[in-house]
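Participant: give me the fold of what follows.
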Amino acid sequence: MSRRQLITVMIDSNVIWNDWALEHPAWDTLQVFVEHGLVRVCVPEVVIQEVIRGYKRETNDLVAGLNNLKLWKLSKLLGLDVPSTIKDFKASVEPRIDAYGPMLRARIDERQFVIVPVPQTDQQTLLTRALENRKPFDGEGKNGYRDALIWHTVLTGLCPVGGEPGSSTAGAQRPRSRDLRER
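Facilitator: Alright, predicted model coming up:
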């Protein structure tokens, strides 16, 4: 009898963007696979923090975009229960923004996905890569820090991807080898 391979899926922030509550049917499918022991889904803490920041920024940008809208007039015209000033509207949105992080963590837990902590990565290694403009850092050594932390999350083995009997690697987004190889 052949042994099933356990597939590990490492989630990156781009697959959570615009599906902030993990409601797409693909998440349901992954959850079923997790429940049947076919898949292990890991979400790095780095990704969670990045998504929370993105949610806050996007929400605040949308609220700021309402400056040209006369909320009081719209509220009166349509009979809506909407705060009449941007300041009041922003104040009404803040508690929802603050609640997003705990909601996302609860949703990940509900789906039985594994949150992988930020790796204890040697900062000198990352600094050297950045200063030498090596991938995943950009040509100026500025961008790429979070990608490097995600890759080091994979390397920690806290959410094994390959190298473990019966496991293989898959991913909503795998690290691109061209972004991680030495140059």
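Participant: just the buried positions in the longest helix that the chain contains, please.
Facilitator: As assigned by DSSP state H, the longest helix anywhere in the chain is helix 86-110. Neighbour-count burial for helix 86-110 flags 86, 89, 90, 97, 100, 101, 103, 104, 107, 108 (criterion: 16 or more other CB atoms under 10 Å). Where C-beta positions appear, they are placed from N, C-alpha and C, glycine not excepted.
Participant: with stretch 38-49 instead?
Facilitator: For stretch 38-49, by 16+ other CB under 10 Å, it's 39, 40, 41, 42, 43, 44, 45, 46, 47, 48.
Participant: for the residue nearest in space to the middle of the chain, which residues are in contact?
Facilitator: Centroid-nearest residue in the chain: residue 13, 3.0 Å away (criterion: CA atoms, centre = their mean). Contacts for residue 13 (CB atoms under 8 Å, 6 or more residues apart in numbering) come out as 47, 50, 51, 54.
Participant: from residue 135, how far off is it?
Facilitator: 18 Å (CB to CB, to the nearest Å).
Participant: residue 127 now?
Facilitator: Per CB to CB, residue 127 is found 15 Å from residue 135.
Participant: and for residue 105?
Facilitator: 30 Å.
Participant: low-confidence regions, the protein specifically.
Facilitator: 1-4, 68-69, 71-72, 84, 141-142, 160-183 (pLDDT under 70).
Participant: can you give me the helices in it?
Facilitator: So, for the chain - with DSSP H - the helices run 25-35, 45-64, 71-78, 86-110, 123-131, 145-156, 177-180.
Participant: nearest to residue 116 among those helices would be which one?
Facilitator: helix 145-156 (5.3 Å; CB to CB).
Participant: now the angle between helix 123-131 and that closest one, please.
Facilitator: 130 degrees (axes from the mean of the first three to the mean of the last three CA atoms, to 10 degrees).
Participant: give me the contacts around helix 145-156.
Facilitator: With CB under 8 Å, 6+ apart, helix 145-156 has contacts from 10, 12, 42, 44-47, 50, 116, 118-121, 126, 129-130, 136-137, 159, 161, 175, 179-180.
Participant: filter the residues you listed down to the buried ones, PyMOL style.
Facilitator: Listed next is the PyMOL selection for buried residues among the contacts of helix 145-156, using 16+ other CB under 10 Å:
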select buried, resi 10+12+42+44+45+46+47+50+116+119+126+129+130+136+137+159+161+175+180
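Participant: just give the nearest non-adjacent residue to residue 139, would you?
Facilitator: residue 133 (5.4 Å; CB to CB, 6 or more residues apart in numbering).
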